[in-house]
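> Here's my sequence, what's the structure:
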Amino acid sequence: MRRGVNTLAASPTMIGALTVMVTIVAVFLAYNANSGLPFVPTYRISVELPNADLLVPTNEVRIGGVRVGTIETIEPEHDGDGNVSARLDLKLDRDVEPLPVDSTVVVRARSALGLKYLEIVKGNSSQSFSEGSTIPIAQATPEPVEIDEVLSTFDAPTRAAIQKNLVEFGNALAGRGPALNEALGTLPSVLKRLEPVTANLAAPNTGLARFVRALAASAAEVAPVAETQARLFVSLDTTFSALAEVAPSIQETISESPPTLDAGTRALPVVRPFLAHSATLFTELEPGVRALADTAPVLTSAVQTGTPALRASPALNRALASTAEALERFNDDTGARNGLSRLNQTLNVLGPTVRFITPAQTVCNYATLLFRNLASSVAQGSNGGRWQRITVFEPPVGPNSEGSFAAAPANGGGDTENFLHYNPYPNPAAPGQTRECEAGNEPYAVGRQVIGNPPGNQGTVTSGQPGAASDTEEDEE
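Numbering: from 1, shown residues only. Next up, the predicted model:
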């Protein structure tokens, strides 16, 4: 008789015990799966967040979308200013170590139901966080946006506006499929040409950001008059309907515009110097144009006076032809030319004399004064004739007085007025002389003899000139 073999499978008690143990281990591992498997080495660090709302322990920690650990604990922290923040203890895989010190963290939504996870964005620093270090709150950026905050932007007015926009966009696109297809077909060539334009717009020196902000402010200003703008587009539809009648002319204008722009592109650089010179010319003409405001009445009077003369000028021009022919015959005559030659010689001889004498009249007015005084000297008379006016005066008394024989020019001698004042050749402002009109303008030097030109310049103002005393004033003097 053979003895039975004792095996593990033959013992129901052992099988049951092993089953229970495996079940307990499986439940334990399943319960702690979110916290990590036991006996697996981890890399523990802490993170400070301004707000840990909706985060709970065992939430995932990810890098680049890959799970690298879990949140172990969440505790509030108070700083010295009374502000409250959150401190999260993380349990990460050893593969993450070392974590650069310039890494940042952000809380992101895992689903629309509110489940969150913590994402770590690794930096590039050569230094790293050691085991047990804390990522400061300054590196918890950017601030997360909650799904309820996004949904709250779609309030009742916004939803109504979106519905209205969708209706209007649908009306705008309805029945325009072929046109849209044609537009999409030409879009690649447009985008190719648009690429350098967008590159210029993206450059910092274009100030596009300021333009967009200003455009937003402008849109905010226009928003209250949106209904008015809508009515404007309705009115524009009426206007464009009226323009449909002249569409061929508009089309011709559009077709001719590119050649015109090309011609302008070639011509404008050439015209630019002319425009610059024109700007300079008009700048220099500006004072003269201002002066025209004062001279316009005089110019108007000159034009009104000159118009009849210009109308009569054709007849004068016709008469000038015979006059010019007579002058030509006179010029060709030998006797006339001899006479003109002699006259030229005479003028050359008289020229210096005339130039010397002329200032006596043109500057000092002496010829006019001579004839005026001659006429004045015989201005009185009666039926029997006229007589010359004379004045009798008593000469000063003393040696060599002007009233008796003299051996020398009077120079005092008992009478303070017995001094000779005599200027035989007064300066008439002639060339080579002092520019003055001495005759009649010499000052009387009391108690002093003056023979010849008196000292100083007596000026060029004589009787009958601007600035001179009137005849009545001279008579009173």
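> P443 touches P455, doesn't it?
No. In this structure P443 lies outside contact range of P455 using Cβ atoms under 8 Å: 9.0 Å. Bear in mind the C-beta positions are built from the backbone N, C-alpha and C, glycine included.
> Between the two, tell me which one has more neighbours.
Per other Cβ atoms under 10 Å, whichever of P443 and P455 has more neighbours is P443, with 12 against 9.
> Helix, strand, or coil at the more buried one?
coil (DSSP: H, G, I helix; E, B strand; the rest coil).
> Return the residues in contact with the nearest residue to it once chain neighbours are set aside.
Excluding its sequence neighbours, the residue lying closest to P443 (Cβ to Cβ, 6 or more residues apart in numbering) is P454, at 6.2 Å. Shown in contact with P454 (Cβ atoms under 8 Å, 6 or more residues apart in numbering): N423, E438, E442, P443, A445.
> so which helix or strand takes in the residue lying closest to Q380 once chain neighbours are set aside?
If the residues on either side of it in the chain are set aside, Q380 comes closest to R389, at 6.1 Å by Cβ to Cβ, 6+ apart. Using DSSP states H and E, R389 sits in no helix or strand.
> Now do R389: how many residues are near it, please.
Quick note: R389 (other Cβ under 10 Å) scores 10 neighbours.
> contacting residues for it?
S376, S377, V378, A379, Q380.
> Tell me, what's the model's pLDDT at the last one?
Right, Q380. Q380 carries a pLDDT value of 81.
> domains in the protein, as residue ranges please.
Annotated domains of the chain cover 25-151, 156-206, 372-380+389-477 [automatic domain parsing].
> could you dump those to TSV with distance to T239?
Formatted as TSV, the domains of the chain follow (distance: least, Cβ to Cβ, whole Å):
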stretch	distance to T239
domain 25-151	42
domain 156-206	18
domain 372-380+389-477	72
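> hmm, back to that, taking the contacts of R389 one by one, which sit in strands?
Q380 (DSSP state E).
> Can you add neighbour count and give the contacts of R389 back as JSON lines?
Listed next are these as JSON lines, based on neighbours: other Cβ atoms under 10 Å:
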{"residue": "S376", "neighbour count": "11"}
{"residue": "S377", "neighbour count": "13"}
{"residue": "V378", "neighbour count": "12"}
{"residue": "A379", "neighbour count": "11"}
{"residue": "Q380", "neighbour count": "10"}
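> Format the contacts of R389 as a markdown table; extra columns: distance to R266.
Output for these, formatted as a markdown table (distance: Cβ to Cβ, whole Å):
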| residue | distance to R266 |
| --- | --- |
| S376 | 82 |
| S377 | 86 |
| V378 | 87 |
| A379 | 85 |
| Q380 | 90 |
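> ok, the contacts of R389 vs D237, which is closest?
Distances from D237 to these, taken as Cβ to Cβ, are shortest for S376 (96.8 Å).
> dump the residue contacts of the closest one.
R389.
> From R389, how far off is it?
Distance from S376 to R389, counting by Cβ to Cβ, to the nearest Å: 8 Å.
> What of A407?
A407 is 34 Å from R389, by Cβ to Cβ.
> One more: V363?
Taking Cβ to Cβ as the measure, V363 falls 28 Å from R389.
> List the buried residues for the helix or strand where P352 lies?
Assigned by DSSP H and E, P352 falls within helix 334-362. Of the residues in helix 334-362, P359, A360 count as buried by neighbour count, 16 or more other Cβ atoms under 10 Å.
> cool, and stretch 91-98?
By neighbour count with 16+ other Cβ under 10 Å, stretch 91-98 contains the buried residues K91, L92, D93, V96, E97.
> Identify the residue spatially nearest to the fourth one, adjacent ones excluded.
Read it as V96. What sits nearest to V96 in space, not counting adjacent residues and going by Cβ to Cβ, 6+ apart, is V68, at 5.1 Å.
> what mean pLDDT would you report for the strand or helix carrying that neighbour?
For V68, the element it lies in under DSSP H and E is strand 66-78. In this model, strand 66-78 carries a mean pLDDT of 88.
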